[in-house]
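> Model the following, please.
(one chain, ligands or ions: 1)
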Amino acid sequence: MTRQKSSSTPHRPSQGNRDFRNRIQRGGQSPGDKNNSDQKNTPRGAPQIPTGSATAQSGILLKAGREKSLLRRHPWIFSGAIERVDGAPDSGDTLPVRDAAGNFLAWAAYNPDSQISARVWSFSETENVDAEFFRGRIADALAARHELNLARNSNGMRLIHAESDGLPGLIVDQYGDVLVMQIGSAGAERWRDICADMLQECCKPACIYERSDSDSRALEGLEPRNGVLRGTLPDNVEVVENGLRFRVDVAAGQKTGFYLDQRDNRALTGTLAHDKDVLNCFCYTGGFSLYALRGAAKSVLSIDASGEALRIAAANLANNGLDSSRAEWLEADVFQALRTLRDQNRKFDLIILDPPKFAPTAAFAEKAARGYKDINLLAFKLLRPGGLLFTYSCSGGISEDLFQKIVAGAALDAGVDAQIVHYLHASADHPVLLSFPEGAYLKGLALRVA
Ligand code: SAH
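Residues are numbered from 1 along each chain as shown. A predicted model of the protein is given here:
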């Protein structure tokens, strides 16, 4: 079993904020910091053009009136808001962004290949976007998780949550002493090695693995990448969450290998499963199923389209010594399987719907809405009176409000009255920056039918 090295992980109780800040010396020049070598001795007060081939006159000038979102500290600059890009900057360069009158707004990473043409690193003109900047942001993210005591019930944790941790495009998940890094923007791509060095320095993991192979990279004009960045990947990576052990396939599993965001929701489900017939749709490696079984569910039927995920799920069940006679695993398309269960007149007391992202952006919202409505309608029909439905959407393109409307429509068409008993979100290691509502991608409703 892969165990977390307590002496090296940043958010263990024995290691306070100051500890990591001291270990990552601020102001040091990183070897990979070639783009900023001309700034080594620059006082922090002096604004600089910080990176790459961006020339002194490089910069982004916005159209009149298009500075509003930046003034509200939203970190994205869409191509349509840009009047002019001066100089000949490369993708990933840090540029100053100015309003139509020439006033400084932000330092942002430029990407000519994306609809999101720039992502803000800093709103402070006097801040240099250099290695020290990344040290500071990484240290802050680690310190927040420590201060919020997030390691108390799991050795798996999102350490860096991109825009919401002030690091657009950078995701870092921890599984014991393995870190998995996912890079989704040209800016984060530019600083990848510096960030890996910092993480190595402050977390001392056995391995930093890069899973930069999500579909969204193509939208940024970035090639997929998957492989070890630092150290050696152990044969078995495992996360221990609320006492339950889950194998994590870092190299080939979905996302970075595990769905850390559902940790608290899985725990809640476990507390409500006693003596219930449970249906877990889109079960992946058995997260909700194992909690339900430990919570003394009468039976748990788990469905997923991925045979490999189900093999890991069955192994997880065995590794936790749970009663396999109460568990049934089905490799199937949920849309089809729900219809079959309806036709068989099967009934359940608790149903979980945790589908993949149907709408990566708002452009897919309508099609996604049909998908959500379909599975929720079928699930309502499969519930016994008094039954519970835990239904989720992780689509960035579907707002919380819209999701609730879709589910309400599904209940209406299914002919059931239902109450919302919990509004559900991602766990606290996935914080949402107040000025960046897009960070709240995961929303869920726990409903009780009358
Ligand atoms: N609840 C899980 C995470 C679910 S992720 C957890 O707590 O770990 C979504 C899952 O849906 C993935 O495992 C994926 O394989 C599966 N999936 C995607 N489309 C599917 C479909 N049409 N039918 C069944 N499973 C599907």
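> where along the stretch 151-300 of the chain do the strands fall?
156-161, 170-175, 178-183, 207-212, 225-231, 238-241, 244-247, 277-281, 299-304 (DSSP state E, counting those that start in this stretch).
> Near the ligand, which residues of the protein? Just list them.
Applying Cβ under 6 Å from any ligand atom, we find that the chain lies next to the ligand at 254, 259, 262, 266, 282, 284-285, 287-288, 303-306, 309, 333-335, 354-356. For glycine as for every other residue, the C-beta is placed from the backbone atoms N, C-alpha and C.
> re the thing from before, closest one to S393 among the strands of the stretch 151-300 of the chain?
Each of the strands of the stretch 151-300 of the chain has some distance to S393 by Cβ to Cβ; the shortest is strand 277-281, at 13.2 Å.
> Please list all residues in contact with the residue in the stretch 51-200 of the chain that the ligand sits nearest to.
Proximity of the stretch 51-200 of the chain to the ligand (Cβ to the nearest ligand atom) peaks at G156, 11.2 Å away. Going by Cβ atoms under 8 Å, 6 or more residues apart in numbering, G156 touches 173-176, 239-241, 246, 248, 258, 260, 263.
> any idea how far the residue nearest to S185 when sequence neighbours are not counted lies from A252?
Among residues not flanking S185 along the chain, G169 sits closest, at 2.6 Å (Cβ to Cβ, 6 or more residues apart in numbering). Per Cβ to Cβ, to the nearest Å, G169 is found 22 Å from A252.
> just N319 next, same as before
19 Å.
> How about the secondary structure of T391?
Following DSSP: H, G, I helix; E, B strand; the rest coil, the label given to T391 is strand.
> Just the pLDDT for it.
For T391, the pLDDT comes out at 98.
> Number the chain from 6, please
Shifting the count to begin at 6 puts that one at T396.
> for the spatially closest residue to E443 that is not a sequence neighbour, helix, strand, or coil?
Among residues not flanking E443 along the chain, G401 sits closest, at 5.9 Å (Cβ to Cβ, 6+ apart). Here G401 is coil, with the state taken from three-state DSSP.
> Verify the contact between G401 and G444 for me.
No: if you go by Cβ atoms under 8 Å, G401 and G444 don't touch, sitting 9.1 Å apart.
> quick one: low-confidence ranges for this protein?
6-61 (pLDDT under 70).
> Single out the residue in it that lies closest to the ligand.
For the chain, Cβ to the nearest ligand atom, closest residue to the ligand: G292, 2.9 Å.
> and that residue, how many residues sit next to it?
Neighbours of G292 under the rule other Cβ atoms under 10 Å: 26.
> In a markdown table: the contacts of G161, plus neighbour count.
Formatted as a markdown table, those follow (neighbours: other Cβ atoms under 10 Å):
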| residue | neighbour count |
| --- | --- |
| D178 | 27 |
| Q179 | 29 |
| Y180 | 29 |
| G181 | 23 |
| V244 | 24 |
| V245 | 18 |
| E246 | 22 |
| F251 | 27 |
| V253 | 23 |
| F263 | 27 |
| L265 | 23 |
| R268 | 26 |
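> got a list of what S400 touches?
Here S400 is in contact with 362-365, 369-370, 373, 446 (Cβ under 8 Å, 6+ apart).
> one more time with 10 Å
360-367, 369-370, 373-374, 376-377, 407-408, 446-448 (Cβ atoms under 10 Å, 6 or more residues apart in numbering).
> Name all residues that make contact with the closest residue to C288 other than its chain neighbours.
Nearest residue to C288 in three dimensions, chain neighbours excluded: S307, at 3.8 Å (Cβ to Cβ, 6+ apart). Contacts for S307 (Cβ under 10 Å, 6+ apart) come out as 283-295, 297-298, 314-315, 318-319, 322, 332-336, 357.
> follow-up on the earlier one: would you list the strands of the stretch 156-305 of the chain in CSV and tack on distance to R77?
As requested, the strands of the stretch 156-305 of the chain are exported to CSV (distance: least, Cβ to Cβ, whole Å):
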stretch, distance to R77
strand 161-166, 20
strand 175-180, 22
strand 183-188, 26
strand 212-217, 30
strand 230-236, 33
strand 243-246, 36
strand 249-252, 39
strand 282-286, 38
strand 304-309, 40
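> now the end-to-end length of stretch 160-173.
24 Å (Cα to Cα, to the nearest Å).
> where along the chain do the helices fall?
Secondary structure of the chain, counting by DSSP state H: helices at 22-28, 73-76, 136-152, 191-195, 197-208, 221-224, 268-277, 292-299, 312-324, 339-348, 370-387, 405-419.
> Turn those into TSV, including distance to L429.
Output for the helices of the chain, formatted as TSV (distance: least, Cβ to Cβ, whole Å):
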stretch	distance to L429
helix 22-28	29
helix 73-76	28
helix 136-152	20
helix 191-195	29
helix 197-208	29
helix 221-224	24
helix 268-277	5
helix 292-299	12
helix 312-324	22
helix 339-348	19
helix 370-387	14
helix 405-419	10
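> Can you say which of those is nearest to G236?
helix 197-208 (7.8 Å).
> D266 contacts H435, correct?
Yes: taking contacts as Cβ atoms under 10 Å, D266 lies within contact range of H435: 5.2 Å.
> can you list residues touching both of these two?
Common neighbours of D266 and H435 (Cβ under 10 Å, 6+ apart) are 163, 166, 446-447.
> out of those, which is most surrounded?
Busiest of the shared contacts of D266 and H435 [other Cβ under 10 Å] is R163, holding 26 neighbours.
> who are the neighbours in contact with it?
146, 150, 155, 169-170, 176-179, 185, 261, 265-266, 268, 431-436.
> try it again with 7 Å
R163 is in contact with 178, 265, 434-435, counting by Cβ atoms under 7 Å, 6 or more residues apart in numbering.
> before we move on, what about R78?
128, 440.
> neighbours around the nearest residue to G402 once chain neighbours are set aside, how many?
Of all residues beyond its chain neighbours, the one nearest G402 is A364 (3.5 Å), with distances taken as Cβ to Cβ, 6+ apart. Using other Cβ under 10 Å, A364 is surrounded by 21 other residues.
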